[in-house]
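**Student:** the following comprises the amino acid sequence and a computationally predicted model.
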Amino acid sequence: MKKTIGIFAHVDAGKTTFTEQLLYNTGSIRNLGRVDHKTSSMDTNEIEQNRGITIFSDQGIFQFNNDTYYIIDTPGHMDFSAETERSMAALDYAILIISGSSGVQAHTTTLFNLLNSYNIPAFIFINKTDIDSFNLQVIIDDIKNKLTGDILYLNSADDIINQYTAEFAADRDDTFLVSYLQEDYSAKDLSEVVINLIKKRLCFPLMIGSALKGIGIDNFLEVFSKLSKTEYQEKEDNHFVGKVYKIRHEDKGIRLTFIKALSGKLRIKDEFTFKKDDFTSSEKVNEIRVYKGKKYENKNEVSAGDVFAVVGFKSPVCGTMIISGETTIEKVSDFHLTAALKSRVNILDKTDVTILMEKLRILESEDPALSVTYREETEDILISVMGRIQLEILECVMKSRFGISVGFEKPQVEYRETILSEVTGYGHFEPLRHYAEVQLRLKPTVRGSGITYESQCHVDNLIINYQNTIENHVFERVHKGVLIGAPIMDIKIILTDGRSHIKHTEGGDFREATYRAIRQGLEKAESILLEPFYSFEIYAEETYMGKIMSDIQKLRGTCEPPVLNCGNVYIRGRGPVESFMDYSIDLISFTKVTGSISLMYAGYGLCENSSEVINKIGYDKDRDAENTSTSVFCAKGTSFTVPWYEAEKYMHTIN
């Protein structure tokens with residue numbers, strides 16, 4: 001049986017040390033590495049070793065009880081949680097490490113909620129139980145209050161079939177309840193019920209120990225072996241389906257596409273067709289590697305349940321589902337964690353901007369959340385980030401991998417713009433010997449829907465080929481709003497009419513007309529500014545409740561009524577990223593390290609201090625030549641421009 005497990009924890013909970021113990025106890029590695037000694041088999045990157053934290057997800061492999069385990073060690077710091085989330089696409093089970101000295105910390109809650117959103121069953125290991133201050137009941141109560149009440153404490157594998165476990169299962173499975181009341185069940189029946197409850201996330205087995213001292217590791221392995229189950233063997237004869245969860249590049253530039261095989265088999269020299277927009281490519285599997293830390297083993301064939309890297313693929317991106325035959329490559333945007341901050345890149349040496357952008361694009365392919373953009377009008381390079389620590393690491397990565405010295409400015413919030421009501425925009429592009437006109441209806445949509453498109457234009461007015469061209473132009477660039485020049489979002493763009501000329505319309509004419517139509521519509525509409533929000537969960541002692549509630553109000557946040565429990569308070573709410581991104585520092589300070597806040601990106605909402613933001617940024621829409629609303633017409637062999645507020649008088653699509 002093949003099982004892929006991910007190790008998750010708040011930073012410093014002992015996640016990598018626990019992973020080392022699993023590999024060492026199963027004979028996968030000969031020497032037990034340590035993070036503080038820079039000898040961990042999973043933290044192989046020099047930056048990780050120097051920092052003493054996991055930054056990149058790494059893979060190990062071991063055998064136990066005739067099963068093959070792929071193990072993925074993930075970053076524990078919030079700034080690298082996008083890397084953590086991407087690894088979840090490969091998992092069958094998760095192991096959540098909780099520190100016996102700190103309990104459920106802020107990021108632990110985020111990780112647990114993230115696992116829940118991906119429906120990944122999880123086992124819990126309480127680490128550092130060898131410290132003098134450890135109190136099992138206190139930690140269990142903390143887990144029940146902050147994560148889940150469905151925890152099943154198992155002291156050993158024998159506990160799987162004891163009376164307490166049977167009562168636990170009967171409480172959560174109606175069918176088993178009947179058998180339990182009639183005392184008509186076997187040990188195998190009980191084990192199967194628990195296995196199914198774990199898969200449904202109605203049961204979270206909990207064990208304790210010390211990863212540093214190797215206490216409880218064998219016990220955990222035995223329990224995990226008995227209570228985890230996959231069914232990949234039944235899928236090996238199907239068509240190949242695999243999901244890309246990671247992209248990496250070797251020092252020599254070789255691209256590695258990391259894949260979890262979900263069904264079928266993959267062999268060396270297998271060919272796949274990838275389609276992206278109008279471009280189709282045929283790509284071959286040149287090499288299959290199964291990684292174990294930094295080392296790897298070449299394979300001629302892999303099958304359902306295997307986790308591996310392919311050399312030869314250039315098109316797939318993180319999140320792509322690869323299928324035998326033809327695979328359409330689309331930008332995957334359904335990740336739960338999103339970088340809500342933007343930072344400007346400053347070149348500190350003489351590196352050419354083109355070369356820098358090329359290297360940043362490589363990093364972006366590995367971490368799509370970076371979302372690298374280049375603003376031609378200001379010659380600024382911007383990247384999206386989770387926080388300041390990530391920027392420090394990126395500086396080191398650029399220097400060590402590419403020999404380029406860069407600095408990053410203080411990250412700023414990424415604002416967005418949208419419209420309040422429906423409006424029609426017109427764009428006309430007619431320099432001498434060119435012709436295109438586009439009529440678009442811009443309609444506001446629900447938050448989080450992005451930019452969508454529909455054509456309601458009759459083919460008698462505009463042939464289908466030009467209609468498809470207009471659709472491509474709608475999505476090929478980020479369209480800026482008129483308030484601060486921020487990207488627009490949550491707008492449906494509907495093509496209602498258009499005109500071409502049998503002799504003068506050329507390739508780029510509809511691009512120019514489309515851009516101008518969108519911009520002219522935005523000029524006419526009532527635009528509003530949006531800002532990113534966090535959802536937050538705050539835990540603190542009850543004595544600090546008044547201060548926290550006052551802070552939430554000052555920070556423009558909202559919250560549900562506080563929940564009091566045994567002298568502690570739990571507060572759940574929502575607030576702007578701009579005001580809450582540094583609040584954890586204040587909270588930890590005034591609660592004397594007893595308080596914690598978990599932050600998760602929660603989409604965009606109305607910016608309440610929009611006037612202040614607009615004045616601060618000082619965007620001049622009329623000087624933005626790259627995003628003009630002016631249309632171009634031609635009369636008597638001479639071209640002339642018409643501003644947006646007069647353009648409709650000249651349009652040919654208006655009767």
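**Tutor:** Now that the structure is in, tell me what you want to look at.
**Student:** low-confidence stretches in the stretch 351-500 of the chain?
**Tutor:** 377 (pLDDT under 70).
**Student:** change it to 90
**Tutor:** 367-380, 384-393, 396-397, 400, 410-414, 432-433, 447-450, 476-478 (pLDDT under 90).
**Student:** which residue is nearest the centroid of the chain?
**Tutor:** In the chain, the residue lying closest to the centroid (C-alpha atoms, centre = their mean) is Phe335, at 3.9 Å.
**Student:** report pLDDT for the nearest residue to it once chain neighbours are set aside.
**Tutor:** Nearest non-adjacent residue to Phe335, counting by C-beta to C-beta, 6 or more residues apart in numbering: Glu85, 5.7 Å away. Where C-beta positions appear, they are placed from N, C-alpha and C, glycine not excepted. With respect to pLDDT, Glu85 has a value of 90.
**Student:** so Glu85, which of the three states?
**Tutor:** Put simply, Glu85 is helix when judged by DSSP: H, G, I helix; E, B strand; the rest coil.
**Student:** was I right to think Ser371 contacts Ile383?
**Tutor:** Yes - between Ser371 and Ile383 a contact is recorded at 6.9 Å, counting by C-beta atoms under 8 Å.
**Student:** which of those two has more residues huddled nearby?
**Tutor:** Shown here are Ser371 and Ile383; by other C-beta atoms under 10 Å, Ile383 has more neighbours (24 against 16).
**Student:** got the contact list for the more buried one?
**Tutor:** 342-343, 345, 360, 370-373, 394, 408 (C-beta atoms under 8 Å, 6 or more residues apart in numbering).
**Student:** from those, which two are the most distant?
**Tutor:** Thr373 and Leu394 (15.2 Å; C-beta to C-beta).
**Student:** with neighbour numbers in mind, choose between those two.
**Tutor:** Comparing Thr373 with Leu394 by other C-beta under 10 Å, the one with more neighbours is Leu394, at 20 against 16.
**Student:** where does that one sit, in terms of helix or strand?
**Tutor:** Under the criterion of DSSP states H and E, Leu394 resides in helix 388-402.
**Student:** what does stretch 372-381 rub up against?
**Tutor:** Under C-beta under 8 Å, 6+ apart, the answer for stretch 372-381 is 344-345, 353, 356-357, 360-361, 363-364, 382-383, 478, 624-626.
**Student:** now list the buried members of the residues you listed.
**Tutor:** For those, a burial check counting by 16 or more other C-beta atoms under 10 Å picks out 344-345, 356, 360, 363-364, 382-383.
**Student:** so of these, which ones are in helices?
**Tutor:** Among the buried ones among the contacts of stretch 372-381, DSSP state H puts 356, 360, 363-364 in helices.
**Student:** okay, now Thr273: neighbour count?
**Tutor:** Thr273: 14 neighbours (other C-beta under 10 Å).
**Student:** that one in helix, strand or coil?
**Tutor:** Reduced to three states with three-state DSSP, the structure at Thr273 is strand.
**Student:** and the gap between the residue nearest to it when sequence neighbours are not counted and Asn65?
**Tutor:** Leaving aside its chain neighbours, Thr273 sits nearest to Glu326 (4.4 Å; criterion: C-beta to C-beta, 6+ apart). Counting by C-beta to C-beta, to the nearest Å, the gap from Glu326 to Asn65 is 40 Å.
**Student:** still on that earlier bit, got the contact list for the residue nearest to Phe335?
**Tutor:** For Glu85, the contacting residues are 114, 335-337, by C-beta under 8 Å, 6+ apart.
**Student:** and what of Asp349?
**Tutor:** Applying C-beta under 8 Å, 6+ apart, the residues near Asp349 are 404-405.
**Student:** please redo it, this time with the cut-off set to 10 Å
**Tutor:** Contacts of Asp349 were listed using C-beta atoms under 10 Å, 6 or more residues apart in numbering, and they are 356, 399, 403-406.
**Student:** among those residues, which two are most distant?
**Tutor:** Leu356 and Lys399 (12.4 Å).
**Student:** quick check: neighbours shared by those two?
**Tutor:** Shared contacts of Leu356 and Lys399, counting by C-beta under 10 Å, 6+ apart, come down to 349, 406.
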